[in-house]
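[1] have a look at this prediction, sequence included:
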Amino acid sequence: MQTTLKSQVVFSGAGLHSGAAARVVVHPAPASTGIVFRRVDLAGQPQLAARWDNVVVSPLNTRLKTSDGVTVSTIEHLMAALSGCGVHNALIDIDGPEVPILDGSAATFVRGIVATGLTRLSAPLRAIEVLKDVSVVDGLSVATLSPATSLQIEFEIDFADVAIGQQRKTLNMANGTFVRELCDSRTFCRSADVDAMRANGLALGGTMENAVVVDGDKVLTPGGLRHPDEAVRHKMLDALGDLYTAGAPIIGRYTGKRAGHAMTNRLLHALFDQTDAWRWVNCDAKIAARLPGVGVSMADLHAVA
């Protein structure tokens with residue numbers, strides 16, 4: 001069955017890149033709504049479906065854009081929380097152009113969703129099953145979707161800074177894995193990149209409180225890392241959020257090597273361009289039990305460091 005929230009959840013804070021304050025209210029929504037953002041600060045309160053074909057290329061975040069130029073950016077952490085907690089339908093009111101960065105992870109979103117709980121709707125749930133390998137390549141960056149019996153994510157990163165270095169991790173996203181293993185992992189950047197981003201009008205809301213900042217072999221953020229491999233965990237968090245713009249849960253294995261938001265969106269375009277590469281499946285109890293978010297409880301959240 002499809003799900004939605006039992007009641008609304010409210011979040012507020014500054015956007016990482018714009019620095020603009022925003023209030024986000026995640027409302028319950030009827031079956032087959034999907035995930036929809038609504039810009040309540042603009043005339044007519046335009047809506048943007050959080051779908052792959054509404055995403056515009058952005059190397060640093062995932063941004064939705066309507067045909068008449070209305071945008072909502074940095075949706076990936078909230079999308080990951082909704083996916084990882086098994087929320088299929090939500091109407092998200094936002095009074096600014098960017099979703100708040102909060103602590104740089106998805107943990108705050110997850111806490112709100114888990115505390116509120118979910119309602120099962122009297123409508124069947126469909127998932128997207130990957131039938132054959134689909135890949136996109138850009139230099140050393142590769143992103144692939146392959147057939148699998150559940151959503152699995154494998155990610156590999158390689159940074160010159162010793163504090164990050166080369167990291168690789170693979171997880172099956174069923175049974176609360178996202179909440180326990182990934183949701184508290186924060187966005188990260190190199191100290192040398194911060195000044196460059198700000199000179200280009202980005203990272204205006206970035207602080208040591210909402211990002212892991214590294215410089216060579218040093219972690220500059222007070223308190224250090226939440227996990228030794230927090231960087232690759234955060235890339236997996238981003239991937240889960242970006243994959244949820246498919247419009248439904250995916251049954252398949254995502255492999256990312258030096259990939260990012262733009263690569264994952266290109267991968268979804270490539271998948272849906274090939275009609276023999278995927279199919280809709282109705283989720284019976286056996287299939288549903290393997291989807292992200294099924295059975296998530298406060299105990300899973302308490303396991304987070």
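    Nice, I can see it. Numbering: from 1, shown residues only.

[2] in the helix or strand where V137 lies, which residues are buried?
    For V137, the element it lies in under DSSP states H and E is strand 134-138. Neighbour counts using 16 or more other Cβ atoms under 10 Å place V134, V136 of strand 134-138 among the buried residues. Placement of C-beta: from N, CA and C, glycine included.

[3] who are the packing partners of it?
    strand 141-146, helix 261-273 (3 or more Cβ pairs under 8 Å, 6 or more residues apart in numbering; DSSP states H and E).

[4] who's in contact with the first one?
    When you say that, I think you mean strand 141-146. Applying Cβ atoms under 8 Å, 6 or more residues apart in numbering, the contact partners of strand 141-146 are 130, 132-136, 250, 252-260, 263-264, 266-267, 271, 277.

[5] try 6 Å this time
    130, 133-136, 252-259, 263-264, 267, 271 (Cβ atoms under 6 Å, 6 or more residues apart in numbering).

[6] neighbours around L268, how many?
    Other residues within reach of L268, judged by other Cβ atoms under 10 Å, total 24.

[7] quick check: it vs T245, distance?
    When distance is defined by Cβ to Cβ, to the nearest Å, L268 is 7 Å away from T245.

[8] who touches both of those two?
    Common contact partners of L268 and T245 (Cβ under 6 Å, 6+ apart): W52.

[9] count of residues packed around Q8?
    Count around Q8 with other Cβ under 10 Å applied: 15.

[10] cool, A106 as well?
    32.

[11] go on, R279?
    13.

[12] where does it land in three-state SS?
    When classified by DSSP: H, G, I helix; E, B strand; the rest coil, R279 comes out as strand.

[13] leaving out the residues flanking it, which one is nearest to it?
    E129 (5.5 Å; Cβ to Cβ, 6 or more residues apart in numbering).

[14] list the contacts for the nearest residue to F178 once chain neighbours are set aside?
    Distances taken as Cβ to Cβ, 6+ apart place G84 nearest to F178, at 3.1 Å, with adjacent residues excluded. For G84, the contact set (Cβ under 6 Å, 6+ apart) comprises F178, V179, P292, G293.

[15] residue ranges with poor pLDDT in the stretch 201-305 of the chain?
    201-206, 208, 302-305 (pLDDT under 70).

[16] again, only using 50
    Scanning the stretch 201-305 of the chain for pLDDT under 50 picks out the ranges 305.

[17] what segments of it are strands?
    In the stretch 201-305 of the chain, the segments counted as strands under DSSP state E, counting those that start in this stretch are 212-215, 218-219, 250-251, 253-257, 278-282.
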